[in-house]
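Student: Here's a sequence, model it:
(one chain, ligands or ions: 2)
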Amino acid sequence: MSAEPEAAIENLYLEQRTFPPPSEFAAQANAADASIYQRAEADWQGWWAEQAGHLRWMRGWDTVLEWTPPHARWFVGGQLNVADNCLDRHIEAGHGDQVAFHWEGEPGDTRSLTYAQLRDEVGRCANALQQLGVGKGDRVNIYLPMIPELPVAMLACARIGAIHSVVFAGFSSRALVDRIEDADARTLITADGAFRKGQTVPLKDNADAAMQQTSRIGACLVVQRTGEDVTMRDGRDHWYHELVGGQSTDCPPQAMDAEDPLYILYTSGTTGKPKGIVHTTGGYLTHVTATTRLVFDVKPDTDVYWCAADIGWVTGHSYIVYGPLANRVTSLLYEGAPDHPAPDRLWEMVARHRATILYTAPTAIRAFMKHGPELPAKHDLSSLRLLGTVGEPINPEAWTWYHQHVGAGRCPIVDTWWQTETGGIMITPLPGLTHAKPGSAMRAFPGIKAVVVDEQGQPVERGQGGYLTIQRPWPGMLRTIWGDDQRYRDTYWSRFGPDVYFAGDGAKLDEDGDIWLLGRVDDVMTVAGHRISTTEVESALVDHPKVAEAAVTGRQDPTTTEAIAAFVILRAGYEPSDELAAELREHVAAEIGKLARPANVLFTPDLPKTRSGKIMRRLLKDLAEGRELGDVTTLANADIVESIKQHTTAGG
Ligand code: ATP
Ligand code: MG
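Tutor: Ligands and ions are numbered 1, 2, ... in the order given. From the prediction side, this is the model:
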């Protein structure tokens, strides 16, 4: 190979522009002084202690951090209650009548809950759980759609010190059984059914199927949502409205140790068996409260904040429930699909509720792009002042579209990198300070030490890529994998040593030292001795005007180790052809370099995604290599695999 492609690969930043915060935004920002970074760096434990000071503690901590790698204990000796911090203290300060959640069901029904009403609901639910025998440290499995009872149930657990394990309502009974068994949950909270794209999903039937496969569940609370017929087993199953409705609202919050577990949440499982990530009380709440305030710039008295994720994922735990409530934010909570009954449902809701902050995923933004800018343009989005993304690398094309067609050039965008394991945001712009670059998550949040390292664990130079590590404990970090501490050590703390957290993602530092996420290290392809990230090739493809979405995978190749296979969804109005495939291959070669030119371009109507909307490259690899497909239990659109097999038209 000549040196030419190497040089081209060095020059990968498709987008060189920077977007400074608009001056009106900067003038009012919660983080408005750039010295915040130096201040946090100079005394990072002191900085986190200062953040913890924003919470209400029932007993002060003795020690900020005890660090016995790879185990951290934060705010040791301190006691607090998460529900007390999210509800009671705001009510006591006179904000009981402020709306906590404006909820909207998929069929269009609505319900608003003030902080005082939410606390009453939480108190009743907590008393009902206690009546069912749930106590401190017990695991409660929650399998609910996006209805108000979901945050209520989580906060009720937090109030009495039970550990919740939320399972996304789109998961099958098999996934539910695995998570019930792994966490050894004895109580289940579910609903009769869930609405999804105009249909109902029989949640209780799924739960029944699960409870047939595991005998652990002794009590099951059932919320009535869709009104469909369900079987209630005497002695085990209870209607939520009957049992909870009859309780007293009064339930004093338990004083919890800072290190008592708050919840277990399973990772989305894109890379294998899901891991039961354990988060604790004081450090976690400190981390999500500080990041909500400084990254989302929330103003409790005026903002209408909308995180359009599902509470079944960590994004919803941290940035629908705990972070916003701890900051006394008014949020939207939406039950259904963002494109139901029409593809502009989301924009229609932003306009109607005058939402000011919107946090969503790149996969959603790309789906909206497919429909064109006319849809957001039909609605008055002038209330928006800040936009955010999470979940996958955002390609500059989607970033720019979001900035222009949703934010009208007025709203800073925070591209936030973090994981189920990290509990809260780790790498992100600060919207009043950062000169954002489309496609870059920019810098570590104050107090966080993110280092991109090479194979040997040495920090890479600017302009180089490598492995993303976190080289200092942080308060929201996972404490272990439930029931498998060895896996915790092996997965995160063995690659570069016991005090270096290995995130599993690849990243690149640009010449300014800003961080560009490249996707999972497993997704990095080796082509003729060069490491090329799937993200970079996908970004180049989506940059082409005829391409709506793209997913790239390496497949084994006898001469180049791996050859690049690209799966491409075209924008409306374009037809697959050999000529177009050739055009796209050349487009990538021109953007990145000849080495990155896909060997195959396969046109497809859809892509296999997880329930959280992430592309499952593992399946695409199997398809590209013609192997039988692996485990697809977490695949949102399993029938897609069939359709990909049948409809994929190979070009190039
Ligand atoms: P599993 O670990 O079970 O395979 P998962 O990693 O998809 O599942 P999550 O914890 O929900 O589960 O996702 C975290 C991952 O999502 C990160 O490691 C990263 O790969 C990706 N990610 C999240 N936010 C961003 C972002 N802003 N930019 C790039 N990648 C992101
Ligand atoms: Mg992961």
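Student: wait, what's in contact with the residue of the stretch 301-450 of the chain found nearest ligand 1?
Tutor: Closest contact between the stretch 301-450 of the chain and ligand 1, by CB to the nearest ligand atom, is at Thr420 (3.4 Å). C-beta coordinates here come from the backbone N, C-alpha and C atoms, glycine included. With CB atoms under 8 Å, 6 or more residues apart in numbering as the criterion, the residues that contact Thr420 are Leu265, Tyr266, Thr267, Ser268, Ile277, Trp313, Val314, Leu478.
Student: Also within reach of ligand 1: list those from those.
Tutor: Counting by CB under 6 Å from any ligand atom, Thr267, Ser268, Trp313, Val314 from the contacts of Thr420 sit close to ligand 1.
Student: How about the residues of the protein by ligand 1?
Tutor: So the chain meets ligand 1 at 267-271, 274, 313-314, 390-393, 415-417, 419-420, 441, 503-505, 517, 519-520, 612, 614 (CB under 6 Å from any ligand atom).
Student: what's around the closest residue to ligand 1 within the stretch 501-650 of the chain, how many residues?
Tutor: In the stretch 501-650 of the chain, no residue comes nearer to ligand 1 than Leu517, which is 3.5 Å away by CB to the nearest ligand atom. Other residues within reach of Leu517, judged by other CB atoms under 10 Å, total 22.
Student: now it, what's its secondary structure?
Tutor: Judged by DSSP: H, G, I helix; E, B strand; the rest coil, the three-state class of Leu517 is strand.
Student: Give me the nearest residue to it, chain neighbours excluded.
Tutor: In this structure, Leu517 finds its nearest non-sequential neighbour in Pro393, 4.8 Å apart by CB to CB, 6 or more residues apart in numbering.
Student: Helix, strand, or coil at the one you found?
Tutor: coil.
Student: Return the distance of it relative to Pro362.
Tutor: Look at Pro393 and Pro362: by CB to CB, to the nearest Å, they are 7 Å apart.
Student: centroid residue for this protein?
Tutor: Thr315 (3.7 Å; CA atoms, centre = their mean).
Student: Pretty sure it sits against Gly388.
Tutor: No - assessed by CB atoms under 8 Å, Thr315 is found out of contact with Gly388, at 10.0 Å.
Student: Need the overlap of contacts for the two.
Tutor: Tyr359.
Student: before we move on, the earlier item: taking the residues of the chain next to ligand 1 one by one, which sit in strands?
Tutor: Asp415, Ala503, Gly504, Asp505, Leu517, Gly519, Arg520 (DSSP state E).
Student: Can you tell me which of the residues you listed is nearest Trp61?
Tutor: Ala503 (27.5 Å; CB to CB).
Student: Counting neighbours, what do you get for that closest one?
Tutor: Using other CB under 10 Å, the number of residues around Ala503 comes to 23.
Student: distance of it from Arg495?
Tutor: Counting by CB to CB, the gap from Ala503 to Arg495 is 10 Å.
Student: Show me the shaky parts of the stretch 551-652 of the chain.
Tutor: 627-641, 643-652 (pLDDT under 70).
Student: How about stretch 485-492, which residues are buried there?
Tutor: Within stretch 485-492, the residues scored as buried using 16 or more other CB atoms under 10 Å are Tyr488, Arg489, Thr491, Tyr492.
Student: hmm, back to that, name the residue in Pro393 and Pro362 with the higher neighbour count.
Tutor: Pro393 (26 against 21).
Student: quick one: contacts for that one?
Tutor: Pro393 sits next to Pro362, Gly439, Trp516, Leu517, Leu518, Gly519, Thr535, Ser539 when contact means CB under 8 Å, 6+ apart.
Student: element containing the last one, please.
Tutor: Under the criterion DSSP states H and E, the helix or strand holding Ser539 is helix 534-542.
Student: in that helix, what's buried?
Tutor: Here helix 534-542 shows Thr534, Thr535, Glu536, Val537, Glu538, Ser539, Ala540, Leu541, Val542 as buried, counting by 16+ other CB under 10 Å.
Student: Need the residues that contact the helix or strand where Leu333 lies.
Tutor: In the assignment (DSSP H and E), Leu333 maps to strand 330-334. By CB under 8 Å, 6+ apart, the surrounding residues in contact with strand 330-334 are 98-104, 106, 146, 148, 151, 300, 303-308, 320, 324, 349, 353, 355.
Student: Just the buried residues of those residues.
Tutor: Applying 16+ other CB under 10 Å to the contacts of strand 330-334 flags 98-104, 106, 146, 148, 151, 303-308, 320, 324, 349, 353, 355 as buried.
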